[in-house]
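> sharing a model that was predicted from the sequence below.
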Amino acid sequence: MRGRAGVASITFLVLAAGLGISAARAEALTLGGRTVILEPPAGYCALDPERQNEADLIAFNEKMQQPRNHVVMQLADCGELEEFRAGKRQSFDRYGQYFVPVTDGAVTPAAGYTRAAYLAEAARELPKLDSGALMDEVTAKLRESVSDVTSAHFLGVLQQDDAGLYLGIAVGQVSVGDQAVSAGAMGVVGLTLVNQISVSLGLYQAHAGAEAVPALVEKIRQTLAATVTANAEIEAREGALSGGWHGIDLKTLLIAGLIAAALAAAWAWARRRNHRAGPPA
(Lines give C-alpha, C1' and ligand atoms only; values in the text may rest on other atoms or scores of the structure.)
Protein backbone atom coordinates (compact mmCIF):
# COMPACT_ATOMS: atom_id res chain seq x y z
CA MET A 1 0.00 0.00 0.00
CA ARG A 2 1.26 3.45 -0.81
CA GLY A 3 2.33 5.78 1.97
CA ARG A 4 -0.44 7.56 3.82
CA ALA A 5 1.07 10.89 2.82
CA GLY A 6 -0.43 10.13 -0.60
CA VAL A 7 -3.85 9.56 0.99
CA ALA A 8 -4.28 12.40 3.44
CA SER A 9 -2.15 15.13 4.89
CA ILE A 10 -4.02 16.94 7.60
CA THR A 11 -3.98 20.44 8.98
CA PHE A 12 -6.36 21.76 11.58
CA LEU A 13 -8.49 24.90 11.43
CA VAL A 14 -11.65 26.31 12.95
CA LEU A 15 -14.52 27.23 10.62
CA ALA A 16 -16.36 30.48 11.18
CA ALA A 17 -19.82 30.17 12.65
CA GLY A 18 -21.18 31.79 9.50
CA LEU A 19 -20.55 28.58 7.56
CA GLY A 20 -23.57 27.08 9.30
CA ILE A 21 -21.84 24.22 11.09
CA SER A 22 -20.73 23.79 14.67
CA ALA A 23 -17.63 25.52 15.97
CA ALA A 24 -15.83 22.21 16.50
CA ARG A 25 -12.42 21.53 15.06
CA ALA A 26 -12.49 20.82 11.35
CA GLU A 27 -9.87 19.08 9.25
CA ALA A 28 -8.55 20.22 5.91
CA LEU A 29 -7.32 17.11 4.16
CA THR A 30 -5.41 16.59 0.94
CA LEU A 31 -7.08 13.65 -0.80
CA GLY A 32 -6.05 12.66 -4.29
CA GLY A 33 -4.29 16.00 -4.65
CA ARG A 34 -7.49 17.92 -3.82
CA THR A 35 -8.31 19.87 -0.64
CA VAL A 36 -11.40 18.79 1.30
CA ILE A 37 -12.67 20.29 4.58
CA LEU A 38 -14.54 17.91 6.87
CA GLU A 39 -15.97 18.44 10.35
CA PRO A 40 -17.76 16.15 12.83
CA PRO A 41 -21.56 16.43 12.86
CA ALA A 42 -23.04 18.39 15.76
CA GLY A 43 -22.80 16.29 18.93
CA TYR A 44 -20.03 14.06 17.56
CA CYS A 45 -16.29 14.28 18.22
CA ALA A 46 -13.35 12.82 16.35
CA LEU A 47 -11.29 10.13 18.05
CA ASP A 48 -7.75 11.28 18.85
CA PRO A 49 -4.97 9.21 17.24
CA GLU A 50 -2.57 10.57 19.87
CA ARG A 51 -4.45 8.62 22.58
CA GLN A 52 -3.45 4.96 22.47
CA ASN A 53 -6.90 3.46 23.11
CA GLU A 54 -8.41 5.61 20.40
CA ALA A 55 -5.52 4.97 18.03
CA ASP A 56 -6.19 1.23 18.49
CA LEU A 57 -9.86 1.69 17.57
CA ILE A 58 -8.99 3.76 14.52
CA ALA A 59 -6.39 1.21 13.39
CA PHE A 60 -8.81 -1.67 13.89
CA ASN A 61 -11.48 -0.01 11.75
CA GLU A 62 -8.93 0.89 9.08
CA LYS A 63 -7.86 -2.77 8.94
CA MET A 64 -11.50 -3.89 8.60
CA GLN A 65 -12.04 -1.47 5.73
CA GLN A 66 -9.01 -2.50 3.68
CA PRO A 67 -8.43 -2.78 0.78
CA ARG A 68 -11.42 -0.83 -0.57
CA ASN A 69 -11.68 2.16 1.77
CA HIS A 70 -9.67 4.56 3.92
CA VAL A 71 -11.16 6.01 7.12
CA VAL A 72 -10.29 9.70 7.28
CA MET A 73 -12.12 10.54 10.53
CA GLN A 74 -13.48 8.19 13.20
CA LEU A 75 -16.37 9.66 15.20
CA ALA A 76 -18.24 9.02 18.43
CA ASP A 77 -20.92 10.77 20.41
CA CYS A 78 -19.02 13.41 22.41
CA GLY A 79 -20.52 12.36 25.74
CA GLU A 80 -19.77 8.70 25.11
CA LEU A 81 -16.22 9.54 24.07
CA GLU A 82 -15.74 11.42 27.33
CA GLU A 83 -16.94 8.33 29.23
CA PHE A 84 -14.61 6.13 27.16
CA ARG A 85 -11.67 8.34 28.08
CA ALA A 86 -12.67 8.12 31.75
CA GLY A 87 -12.71 4.31 31.57
CA LYS A 88 -16.49 4.12 32.01
CA ARG A 89 -17.24 2.34 28.73
CA GLN A 90 -15.45 0.08 26.24
CA SER A 91 -17.43 0.88 23.11
CA PHE A 92 -19.95 3.33 21.69
CA ASP A 93 -23.67 3.28 21.03
CA ARG A 94 -23.60 6.33 18.73
CA TYR A 95 -20.65 6.51 16.39
CA GLY A 96 -19.63 7.17 12.81
CA GLN A 97 -16.91 7.81 10.30
CA TYR A 98 -15.93 9.71 7.20
CA PHE A 99 -14.39 7.42 4.60
CA VAL A 100 -13.17 7.56 1.01
CA PRO A 101 -12.67 4.75 -1.53
CA VAL A 102 -9.11 3.86 -2.47
CA THR A 103 -7.44 1.97 -5.30
CA ASP A 104 -4.05 0.42 -4.52
CA GLY A 105 -4.01 2.51 -1.35
CA ALA A 106 -4.55 5.84 -3.12
CA VAL A 107 -7.52 8.19 -3.45
CA THR A 108 -8.56 8.88 -7.05
CA PRO A 109 -10.48 12.06 -7.98
CA ALA A 110 -13.76 11.67 -9.83
CA ALA A 111 -12.54 13.82 -12.71
CA GLY A 112 -15.23 14.80 -15.17
CA TYR A 113 -18.11 14.59 -12.71
CA THR A 114 -20.12 17.39 -11.22
CA ARG A 115 -21.76 16.67 -7.87
CA ALA A 116 -25.19 16.59 -9.50
CA ALA A 117 -24.07 14.14 -12.19
CA TYR A 118 -22.31 11.92 -9.65
CA LEU A 119 -25.38 11.70 -7.40
CA ALA A 120 -27.74 11.10 -10.32
CA GLU A 121 -25.63 8.28 -11.72
CA ALA A 122 -25.12 6.74 -8.28
CA ALA A 123 -28.89 6.73 -7.75
CA ARG A 124 -29.33 4.90 -11.07
CA GLU A 125 -26.58 2.36 -10.43
CA LEU A 126 -27.31 1.39 -6.81
CA PRO A 127 -30.51 -0.60 -7.55
CA LYS A 128 -28.54 -2.67 -10.09
CA LEU A 129 -26.06 -3.95 -7.51
CA ASP A 130 -26.51 -7.41 -5.99
CA SER A 131 -26.83 -6.11 -2.46
CA GLY A 132 -27.64 -9.57 -1.11
CA ALA A 133 -24.29 -10.96 -2.26
CA LEU A 134 -22.49 -7.89 -0.93
CA MET A 135 -24.12 -8.23 2.49
CA ASP A 136 -23.24 -11.94 2.57
CA GLU A 137 -19.62 -10.95 1.98
CA VAL A 138 -19.83 -8.38 4.76
CA THR A 139 -21.43 -10.83 7.20
CA ALA A 140 -18.68 -13.37 6.52
CA LYS A 141 -15.99 -10.76 7.07
CA LEU A 142 -17.59 -9.55 10.29
CA ARG A 143 -17.68 -13.09 11.63
CA GLU A 144 -13.91 -13.15 11.33
CA SER A 145 -13.81 -10.38 13.96
CA VAL A 146 -17.04 -10.93 15.89
CA SER A 147 -18.17 -14.33 17.18
CA ASP A 148 -21.53 -13.99 15.47
CA VAL A 149 -23.54 -11.51 13.42
CA THR A 150 -27.00 -12.74 12.56
CA SER A 151 -27.40 -10.64 9.42
CA ALA A 152 -26.60 -7.46 7.55
CA HIS A 153 -29.12 -5.79 5.23
CA PHE A 154 -28.92 -2.93 2.75
CA LEU A 155 -32.09 -0.85 3.12
CA GLY A 156 -31.72 0.96 -0.20
CA VAL A 157 -31.74 4.64 -1.03
CA LEU A 158 -33.66 6.50 1.67
CA GLN A 159 -33.43 10.07 0.31
CA GLN A 160 -31.57 12.22 -2.18
CA ASP A 161 -30.98 15.96 -2.31
CA ASP A 162 -28.53 18.41 -3.88
CA ALA A 163 -25.82 17.58 -1.31
CA GLY A 164 -25.95 13.81 -1.12
CA LEU A 165 -27.49 10.37 -1.54
CA TYR A 166 -28.59 8.68 1.70
CA LEU A 167 -28.51 4.90 2.17
CA GLY A 168 -29.70 2.66 5.01
CA ILE A 169 -27.88 -0.27 6.63
CA ALA A 170 -29.16 -2.66 9.32
CA VAL A 171 -27.05 -5.17 11.24
CA GLY A 172 -28.71 -7.92 13.28
CA GLN A 173 -27.72 -9.16 16.73
CA VAL A 174 -23.99 -9.00 17.43
CA SER A 175 -22.41 -11.45 19.88
CA VAL A 176 -18.93 -11.87 21.31
CA GLY A 177 -18.47 -15.38 22.60
CA ASP A 178 -21.74 -16.27 24.34
CA GLN A 179 -22.56 -12.65 25.17
CA ALA A 180 -24.93 -10.59 23.04
CA VAL A 181 -23.41 -7.10 22.99
CA SER A 182 -26.06 -5.51 20.78
CA ALA A 183 -29.55 -6.38 19.67
CA GLY A 184 -28.57 -4.79 16.40
CA ALA A 185 -27.59 -1.49 14.86
CA MET A 186 -29.02 0.91 12.33
CA GLY A 187 -26.88 3.05 10.10
CA VAL A 188 -27.26 5.74 7.48
CA VAL A 189 -24.52 6.68 5.02
CA GLY A 190 -24.50 9.86 2.99
CA LEU A 191 -22.54 9.80 -0.28
CA THR A 192 -21.36 13.04 -1.85
CA LEU A 193 -18.73 14.55 -4.09
CA VAL A 194 -16.58 17.32 -2.60
CA ASN A 195 -13.99 19.02 -4.82
CA GLN A 196 -14.25 15.95 -7.09
CA ILE A 197 -13.41 13.56 -4.24
CA SER A 198 -15.98 10.93 -3.32
CA VAL A 199 -16.64 11.28 0.43
CA SER A 200 -19.05 9.30 2.58
CA LEU A 201 -20.30 10.04 6.09
CA GLY A 202 -21.82 7.17 8.05
CA LEU A 203 -23.60 7.47 11.40
CA TYR A 204 -24.71 4.42 13.37
CA GLN A 205 -26.80 3.70 16.45
CA ALA A 206 -26.59 0.49 18.45
CA HIS A 207 -29.51 -1.22 20.19
CA ALA A 208 -31.85 0.54 17.77
CA GLY A 209 -34.41 -0.21 15.12
CA ALA A 210 -36.09 1.66 12.31
CA GLU A 211 -37.14 4.45 14.68
CA ALA A 212 -33.52 5.69 14.70
CA VAL A 213 -33.34 6.22 10.94
CA PRO A 214 -35.09 9.60 10.46
CA ALA A 215 -32.84 11.38 12.97
CA LEU A 216 -29.73 9.82 11.46
CA VAL A 217 -30.78 10.87 7.96
CA GLU A 218 -31.45 14.43 9.08
CA LYS A 219 -28.14 14.70 10.94
CA ILE A 220 -26.21 13.57 7.87
CA ARG A 221 -28.24 15.79 5.53
CA GLN A 222 -27.42 18.84 7.64
CA THR A 223 -23.75 17.90 7.84
CA LEU A 224 -23.33 17.27 4.11
CA ALA A 225 -25.14 20.51 3.25
CA ALA A 226 -22.74 22.38 5.53
CA THR A 227 -19.80 20.49 4.03
CA VAL A 228 -20.78 21.53 0.51
CA THR A 229 -20.99 25.17 1.66
CA ALA A 230 -17.68 25.01 3.52
CA ASN A 231 -15.87 23.64 0.46
CA ALA A 232 -17.40 25.94 -2.17
CA GLU A 233 -14.53 28.45 -2.15
CA ILE A 234 -11.91 25.69 -2.38
CA GLU A 235 -13.74 24.05 -5.28
CA ALA A 236 -13.82 27.36 -7.14
CA ARG A 237 -10.14 28.01 -6.43
CA GLU A 238 -8.83 24.56 -7.38
CA GLY A 239 -11.12 24.21 -10.39
CA ALA A 240 -12.57 21.15 -12.06
CA LEU A 241 -10.49 18.31 -13.42
CA SER A 242 -11.28 17.04 -16.91
CA GLY A 243 -11.41 13.46 -18.09
CA GLY A 244 -12.87 10.29 -16.62
CA TRP A 245 -12.42 8.33 -13.45
CA HIS A 246 -8.72 7.64 -14.04
CA GLY A 247 -8.89 3.96 -13.12
CA ILE A 248 -11.94 3.73 -10.82
CA ASP A 249 -15.50 3.24 -12.01
CA LEU A 250 -18.67 4.27 -10.21
CA LYS A 251 -19.85 0.71 -9.63
CA THR A 252 -16.59 -0.12 -7.84
CA LEU A 253 -16.96 3.01 -5.73
CA LEU A 254 -20.56 2.17 -4.75
CA ILE A 255 -19.65 -1.39 -3.80
CA ALA A 256 -16.85 -0.02 -1.64
CA GLY A 257 -19.28 2.37 0.01
CA LEU A 258 -21.85 -0.32 0.84
CA ILE A 259 -19.22 -2.63 2.28
CA ALA A 260 -17.68 0.18 4.33
CA ALA A 261 -21.07 1.12 5.75
CA ALA A 262 -21.98 -2.39 6.84
CA LEU A 263 -18.55 -3.12 8.33
CA ALA A 264 -18.62 0.14 10.26
CA ALA A 265 -22.02 -0.71 11.73
CA ALA A 266 -20.45 -3.51 13.81
CA TRP A 267 -17.04 -1.85 14.33
CA ALA A 268 -17.79 -0.75 17.89
CA TRP A 269 -18.02 -4.35 19.10
CA ALA A 270 -15.85 -6.26 16.65
CA ARG A 271 -12.68 -5.18 18.45
CA ARG A 272 -13.87 -6.84 21.68
CA ARG A 273 -13.28 -10.34 20.41
CA ASN A 274 -9.50 -10.28 20.65
CA HIS A 275 -8.87 -7.04 22.55
CA ARG A 276 -10.32 -5.71 25.77
CA ALA A 277 -9.95 -2.01 26.38
CA GLY A 278 -7.33 -1.11 28.98
CA PRO A 279 -7.05 1.99 31.15
CA PRO A 280 -7.92 5.23 29.41
CA ALA A 281 -5.06 6.84 27.50
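Everything's here; your move. Predicted model, so just to flag it, every value in this text is computed and none were measured. Numbering: from 1, shown residues only.
> contact partners for Asn195?
Listed by Cβ atoms under 8 Å, 6 or more residues apart in numbering, the contact set of Asn195 reads Arg34, Thr35, Val36, Asn231, Ile234, Glu235, Glu238. For the C-beta atoms, the positions are set from N, CA and C on the backbone; glycine is no exception.
> got CSV for those, with secondary structure too?
Below are the contacts of Asn195 laid out as CSV (DSSP: H, G, I helix; E, B strand; the rest coil):
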residue, secondary structure
Arg34, strand
Thr35, strand
Val36, strand
Asn231, helix
Ile234, helix
Glu235, helix
Glu238, helix
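> whichever of the residues you listed end up buried, select them in ChimeraX.
The following ChimeraX line selects those of these that are buried, judged by 16 or more other Cβ atoms under 10 Å:
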select :34,35,36,231,235
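> can you tell me which of the contacts of Asn195 is nearest Ala59?
Val36 (22.1 Å; Cβ to Cβ).
> can you check the pLDDT for Ser91?
With respect to pLDDT, Ser91 has a value of 83.
> ok, now how distant is it from Phe99?
In this view, Ser91 and Phe99 are 19 Å apart by Cβ to Cβ, to the nearest Å.
> comparing these two, which residue is more hemmed in?
Neighbour tally, Ser91 and Phe99, criterion other Cβ atoms under 10 Å: the higher count belongs to Phe99, 28 against 19.
> tell me the secondary structure at the more buried one.
At Phe99 the chain is in strand, as set by three-state DSSP.
> surely it and Gln74 touch.
No: counting by Cβ atoms under 8 Å, Phe99 does not reach Gln74; the two are 9.4 Å apart.
> now the contacts of Asn195 in CSV, with pLDDT?
Shown next, in CSV, are those (pLDDT from 0 to 100):
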residue, pLDDT
Arg34, 94
Thr35, 96
Val36, 97
Asn231, 96
Ile234, 94
Glu235, 93
Glu238, 89
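> can you show me the helices along the chain?
Assigned by DSSP state H, the helices in the chain fall at 52-65, 78-85, 115-125, 131-145, 213-238, 250-265, 267-270.
> so Ala206 is in contact with Glu80, correct?
No: assessed by Cβ under 8 Å, Ala206 is found out of contact with Glu80, at 10.3 Å.
> overlap of the contact sets of those two?
Joint contacts of Ala206 and Glu80 (Cβ under 8 Å, 6+ apart) are Phe92, Asp93, Arg94.
> just the buried residues from those, in PyMOL please.
Entered in PyMOL, the line below selects the buried ones among those, by 16+ other Cβ under 10 Å:
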select buried, resi 92+93+94
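> restricted to strands, list the shared contacts of Ala206 and Glu80.
Within the shared contacts of Ala206 and Glu80, residues falling in strands by DSSP state E are Arg94.
> using TSV, lay out the shared contacts of Ala206 and Glu80 together with distance to Val213.
Formatted as TSV, the shared contacts of Ala206 and Glu80 follow (distance: Cβ to Cβ, whole Å):
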residue	distance to Val213
Phe92	18
Asp93	15
Arg94	14
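> picking up where we left off before, let's have the contacts of Asn195 in CSV, adding distance to Ala120.
Formatted as CSV, the contacts of Asn195 follow (distance: Cβ to Cβ, whole Å):
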residue, distance to Ala120
Arg34, 21
Thr35, 25
Val36, 21
Asn231, 20
Ile234, 23
Glu235, 18
Glu238, 23
